[in-house]
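# requesting a structural model of the entry that follows:
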Amino acid sequence: MAISRRAAIGMGAAAAALAVAKPAAAAEPSGVDGSGTGRIQRVYEERKVIAGGVWSSHIAMLDGSGVLQPVVQDEADRVVNGYSVQKLAVATAVLDKVDRGLLTLDQKLELTSSIILGGSGIYHLHGVWGDQITIANFLTAMLVTSDNTAVRLCGLVAPALEINEILAAKGFVHTRVQPVANPNRFFLGVTTPREMHDLLWRLANKTLLSTASCDFLLRQMRWILGYNDGVRRNMSSAERSRVASKYGADFNTMGATRNEAGIMFGTDGRPVLTYAMFANGLGDLDNYGATHPGVEAHAKLGRVMLNVVNKYTPPAGVAASGARHFVPKFEPVNGG
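Numbers count the residues shown, from 1 in each chain. Just a heads-up that it's a prediction; the model follows:
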């Protein structure tokens, strides 16, 4: 089977790292106890075995004193292909430029036929192009529908080398896009589960970017009409709105890859748990649906993780402090 150009070029650093890495270790025990996190650990191990492949993950949750503690650390520092999970890093770089006044969310670019890229997303479905779309528009498409054309539009306002410079300035050592000959184009590149966790936790606590930009990112990630096959599958609409998630899927010479990373919030709007799960070398290569073994593992874990989050009660002092984020309740509208 022919390898996609994106997968073939993008797998370099991560595939090499996997080739020399030590065999995947069992998830390390957590310092969090008495809150059901042991069940998260057990289900993670069980589902990893059932799905197969090579997993690299980091899951963390607030403990009884309100301190974030690791729940699962399974090769959390392994450099992996992020695939579409990397769109979070790309959006972070673009919004960093917005925060510095170099861009505005209402700034418009033309959606030309030459920039259209297939795969996931909506823009390639139009059939005709020429729209003037805002940065807010294509960031929303990239985060909610994982639009690939939107990545190219991001490259027009934040070239690859600049994206990497912004990520480095924010303290990320491994999270990078992969430049190509065209400075405004790139492959989505690599990250580690730990760095993706750090990005998510800083986003949830509104220290990654300005409050306005963090709220913008979280609003897209928590919208219930986004990706629901994985972690958010076995949840009500209200529960889904409490989970900010980004999914990524592709394949390389190892096999299929299914990644998912996100944040779970309590009903009080406080972030409680983060997850960053990257699985390479899986089977069922052409199945991008809910029945893929890797995605089914995410779905099982998602329900278990949210059950544990639902039982979490922060101490009084902690409950009164910290960042909050809310999204409006979903209400259907029948035109008009």
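# any idea how far the nearest residue to V308 once chain neighbours are set aside lies from I133?
Nearest residue to V308, sequence neighbours excluded (CB to CB, 6 or more residues apart in numbering): G36, at 4.0 Å. All C-beta atoms are positioned from the backbone trio N, CA, C, and that covers glycine. The spacing between G36 and I133, counted by CB to CB, to the nearest Å, is 44 Å.
# how is the chain partitioned into domains?
Domain ranges of the chain: 29-78+192-318, 83-159+167-172, per automatic domain parsing.
# looking at those domains, which is buried most?
domain 29-78+192-318 (a mean of 20; mean count of other CB atoms under 10 Å).
# if you average the pLDDT over it, what comes out?
Regarding domain 29-78+192-318, the rounded mean pLDDT is 94.
# repeat that for stretch 125-144.
97.
# could you work out the end-to-end span of that stretch for me?
16 Å (CA to CA, to the nearest Å).
# outside of that stretch, which residues touch it?
87-88, 90-91, 94-95, 98, 103-113, 116, 121-123, 147, 149-151, 153-154, 157, 216-217, 220-221, 223, 225-226, 246 (CB atoms under 8 Å, 6 or more residues apart in numbering).
# ok, now with 7 Å
87, 91, 94, 103, 105-113, 116, 121-123, 147, 150-151, 153, 157, 220-221, 223, 226 (CB atoms under 7 Å, 6 or more residues apart in numbering).
# for stretch 105-118, same thing?
Here stretch 105-118 has contacts from 98, 123-124, 129-136, 148-149, 152-153, 156, using CB under 7 Å, 6+ apart.
# which of the helices or strands spans the residue most central in space within the chain?
Nearest to the mean C-alpha position of the chain, by CA atoms, centre = their mean, lies K246 at 3.4 Å. Per DSSP states H and E, K246 falls inside strand 243-252.
# direction included, what does that strand pair up with?
The pairing partners recorded for strand 243-252 under DSSP bridges are strand 255-265 (antiparallel).
# following the strand it pairs with, which helix or strand shows up next?
strand 271-282.
# quick check: next helix or strand after that next one?
Next along from strand 271-282, by DSSP H and E: helix 293-310.
# now do that following helix against strand 243-252, angle only.
160 degrees (axes from the mean of the first three to the mean of the last three CA atoms, to 10 degrees).
# follow-up on the earlier one: so what touches the strand holding K246?
So strand 243-252 is contacted by 3, 7, 11, 15, 81-85, 87-88, 146, 218, 221-222, 227, 230-232, 257-264, 285, 288 (CB under 7 Å, 6+ apart).
# G335: which element?
Counting by DSSP H and E, G335 is part of no helix or strand.
# what about it, how many neighbours?
Residues lying near G335 (other CB atoms under 10 Å) number 3.
# now what about the helix or strand H58 falls within, what contacts it?
Following DSSP H and E, one finds H58 within strand 54-62. Outside strand 54-62, the residues within contact range by CB under 7 Å, 6+ apart are 18, 24, 32, 37, 40, 48, 68-76, 78, 80, 193-194, 197, 272-281, 312, 314.
# what separates the nearest residue to A141 once chain neighbours are set aside from F138, distance-wise?
Among residues not flanking A141 along the chain, D147 sits closest, at 4.0 Å (CB to CB, 6+ apart). To F138, D147 is 7 Å away according to CB to CB.
# identify the contacts common to these two.
Common neighbours of D147 and F138 (CB under 7 Å, 6+ apart) do not exist.
# quick revisit: adding distance to N184, write the domains of the chain out as CSV.
Shown next, in CSV, are those (distance: least, CB to CB, whole Å):
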stretch, distance to N184
domain 29-78+192-318, 22
domain 83-159+167-172, 4
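# so which of the ones you listed gets nearest F326?
domain 29-78+192-318 (4.8 Å; CB to CB).
# chain center to the closest one, what's the gap?
Centroid separation for domain 29-78+192-318 versus its chain: 9 Å, with CA atoms, centre = their mean, to the nearest Å.
# what's the answer for stretch 86-96, then?
That offset, for stretch 86-96, works out to 11 Å (CA atoms, centre = their mean).
# again with stretch 189-198
On CA atoms, centre = their mean, the centre of stretch 189-198 falls 9 Å from the chain's centre.
# on that earlier part again, distance of the residue nearest to the centre of the chain from N334?
With CB to CB as the criterion, K246 and N334 are 30 Å apart.
# all strands of the protein, in order?
54-62, 68-74, 80-81, 108-110, 132-134, 176-179, 186-191, 243-252, 255-265, 271-282 (DSSP state E).
# columns distance to T211 on top of those, output as TSV?
Converted to TSV, the strands of the chain look like this (distance: least, CB to CB, whole Å):
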stretch	distance to T211
strand 54-62	21
strand 68-74	20
strand 80-81	30
strand 108-110	25
strand 132-134	20
strand 176-179	26
strand 186-191	24
strand 243-252	15
strand 255-265	16
strand 271-282	14
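# fine by me, thanks again.
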